[in-house]
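Enquirer: here are the coordinates; sequence isn't available:
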C-alpha cells in the first residue's frame, strides 16, 4: 500500500461565476471525468465514480476568520485541528506554536517510525534548499515536517536524475526563471506519468504545488485557467501510469483562494479532496475536515 498526497495550495470550491472562477471556464476533461462531468464549483457535493471520490472538505474547522496556509497545512500533515488548538488561522509560515505542534508528530514521522519510506518529492533551487535546511528561511509546515525526520529536500541534481518533480510540473520555470536550460521540458501528461513513477519509490510521497496560491493572490483569470488546464493534463498522465491497486492518490488544499480571482484574500470556501484508488471508499466517508486526512492515510499505510 502506497500513498501519494498531492497538495495544491490555495484552491477552493467557489461560486460558478465565469468572471472570477477558473473552475467555471477551464477545459478540464480529466478532472471533470473523475466527478461525473461536474465542475468543481459550489453545489457539487460528494461525488463517487468508479475511479475517484470527491469530497468538499472544511478548512475552517470551527474557527472564525479566513483559513491560512501554515495552520491548514499543519492540520493536513498532523491530523489535528491546528486552528482550534492555537485559537486562530495563521500563515503563511508556521509560528512557534505551530512549529511545536508539528514537532509533536506528523504523518511523515509515523511512516518513518514504522520503518517505511517517505519523501517530499518536489525539487527546490539550490539556494532556496540550502536556506531552508540551514534555518535561514522559515520552512512551510510540510517542509518542517520532512526536515525534522532528517530527510533532505530534493534539488536540481535530483530533478535532472528523475528522482524529483518540478513544482510547475513541466520544468518550464526552471528553464525560464531559474536559468537552467539543461532541465528538459516535458508535457503535463508526461509530468503526471513521471509523478507516479517517482512516488512509487516511497511508501508515502508528498508533492506540493504552490503556483495556484500565487496566481490567486496576484494573477489573472487567464493565468488561473492555464494552471488548471495544466493540472488536468497532469491527471491524464497519472491515470495512464497508475493502477488503482497500488494504493491511494489524494489531492487536497489548505484554503480557498484561486477560485475567486480579483479578491487577493483567501476565502472561507470548502476545499476539494479527490481520492483515487481501490481503497478510496475505506477512507472517504471519514473525511470532513482537513484534520481528518492524516489519520486515515496513517491507517492505510501502517495497517
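Expert: Alright, I've got the coordinates. Keep in mind the model is a prediction, meaning the values are calculated, not measured.
Enquirer: excluding its backbone neighbours, what's nearest residue 240?
Expert: Distances taken as C-beta to C-beta, 6 or more residues apart in numbering put residue 193 closest to residue 240, at 6.2 Å, once the chain neighbours are dropped. (Each C-beta comes from the backbone N, C-alpha and C, glycine too.)
Enquirer: run a quick neighbour tally on that neighbour.
Expert: Around residue 193 there are 19 other residues, counting by other C-beta atoms under 10 Å.
Enquirer: correct me, but it touches residue 236?
Expert: No: proximity of residue 193 to residue 236 does not meet the contact threshold set by C-beta atoms under 8 Å, at 9.2 Å.
Enquirer: re the thing from before, phi, psi for the residue nearest to residue 240 please.
Expert: When quoted as degrees, to the nearest 10, the phi and psi of residue 193 stand at phi -70, psi -40.
Enquirer: roughly how far apart are it and residue 233?
Expert: When distances are taken as C-beta to C-beta, to the nearest Å, residue 193 and residue 233 turn out to be 11 Å apart.
Enquirer: before we move on, what about residue 80?
Expert: On the measure of C-beta to C-beta, residue 80 and residue 233 end up 34 Å apart.
Enquirer: what mean pLDDT does the helix or strand that contains residue 273 have?
Expert: Assessed by DSSP states H and E, residue 273 sits inside strand 271-276. With pLDDT averaged residue by residue, strand 271-276 scores 98.
Enquirer: which elements pack onto that strand?
Expert: Taking 3 or more C-beta pairs under 8 Å, 6 or more residues apart in numbering; DSSP states H and E as contact, the helices and strands that strand 271-276 lies on are strand 52-57, strand 247-252.
Enquirer: quick one: closest of those strands to residue 116.
Expert: strand 247-252 (11.9 Å; C-beta to C-beta).
Enquirer: not counting sequence-adjacent ones, nearest residue to residue 255?
Expert: Spatial nearest neighbour of residue 255, excluding adjacent residues (C-beta to C-beta, 6+ apart): residue 67 at 3.7 Å.
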